[in-house]
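Chemist: got a structure for you, letters missing:
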């Protein structure tokens, strides 16, 4: 994998950590997630008007990805209802690289070398270490179930988008439609919580929309990278967002143990290097 593609994926991971930090500090996470989805929709609508249509066959994957994203938002919201972010997030994200690599092997025939699998393992271990103090306190059955379901959804849309963007042969068009169709997610949450929309402070709207555009940018960078690298490797590098979020929490918010988080960062950095040199 070229250094340029590695840096693009790591930039996407950093952006993802930023928008998750916005959601983490929000008073109403469900409504904030809805506004984040709206932050995809608005620029997506502009791009849809500018860029050409993807091939007809790509729309199947765009639609399927939208449905899976809907499930992802639902499962994530339920997981946060039953468990803390510091417990749910590492569980959900920690299983994704291995699942995506497995799906890519089974459905696409993408075979990763042993060195890349070892790198994926180091990243998964680093994710767990970054939140070990929260995880060792235990996790409820409901929170665990929804966190695992969230991870399965992430791995599923990662595979679907990887196939779809390659089939479309136009990353910008696929990106535009995938972002625009977040309209259904934003609309569903808006209708369900319409009584609360008027009471939201302007700051929440601004942060949610900014978070959505940051999330959309991260989504586009990952889509681009999937044209040039195995999906499992892209997913593993993408999940370094967890350690970026942990470092943001430590340095900016004063959260957590510095030794544990730096150890996790070191393991994940080694995993990134191994993957980058292997594929």
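Modeler: Cool, the structure landed. This is a predicted model, so every value here is computed, not measured. Residues are numbered from 1 along each chain as shown.

Chemist: So in this structure, where's the weakest helix or strand by average pLDDT?
Modeler: None of the helices or strands of the chain scores lower by mean pLDDT, DSSP states H and E than helix 132-135, at a mean of 64.

Chemist: Touching, residue 112 and residue 235? I think so.
Modeler: No: between residue 112 and residue 235 there is no contact under Cβ atoms under 8 Å: 10.9 Å. Quick note: C-beta positions are derived from backbone N, CA and C, even for glycine.

Chemist: Which of the two has more residues huddled nearby?
Modeler: More neighbours surround residue 235 than the other of residue 112 and residue 235, with 29 against 21 (other Cβ atoms under 10 Å).

Chemist: Quick check: residue 237 touching residue 272?
Modeler: Yes: assessed by Cβ under 8 Å, residue 237 is found in contact with residue 272 at 5.8 Å.

Chemist: quick one: common contacting residues for these two?
Modeler: Both residue 237 and residue 272 are contacted by 6, 10, 123, under the criterion Cβ atoms under 8 Å, 6 or more residues apart in numbering.

Chemist: Which members of those residues are positioned in helices?
Modeler: 6, 10, 123 (DSSP state H).

Chemist: ok, so of those residues, who is nearest residue 267?
Modeler: Among these, residue 123 lies closest to residue 267 (Cβ to Cβ), at 7.5 Å.

Chemist: Apart from its neighbours in sequence, what residue is nearest that closest one?
Modeler: What sits nearest to residue 123 in space, not counting adjacent residues and going by Cβ to Cβ, 6 or more residues apart in numbering, is residue 271, at 4.0 Å.

Chemist: ok, now residue 76?
Modeler: residue 150 (5.0 Å).

Chemist: Over to residue 240?
Modeler: residue 13 (4.6 Å).
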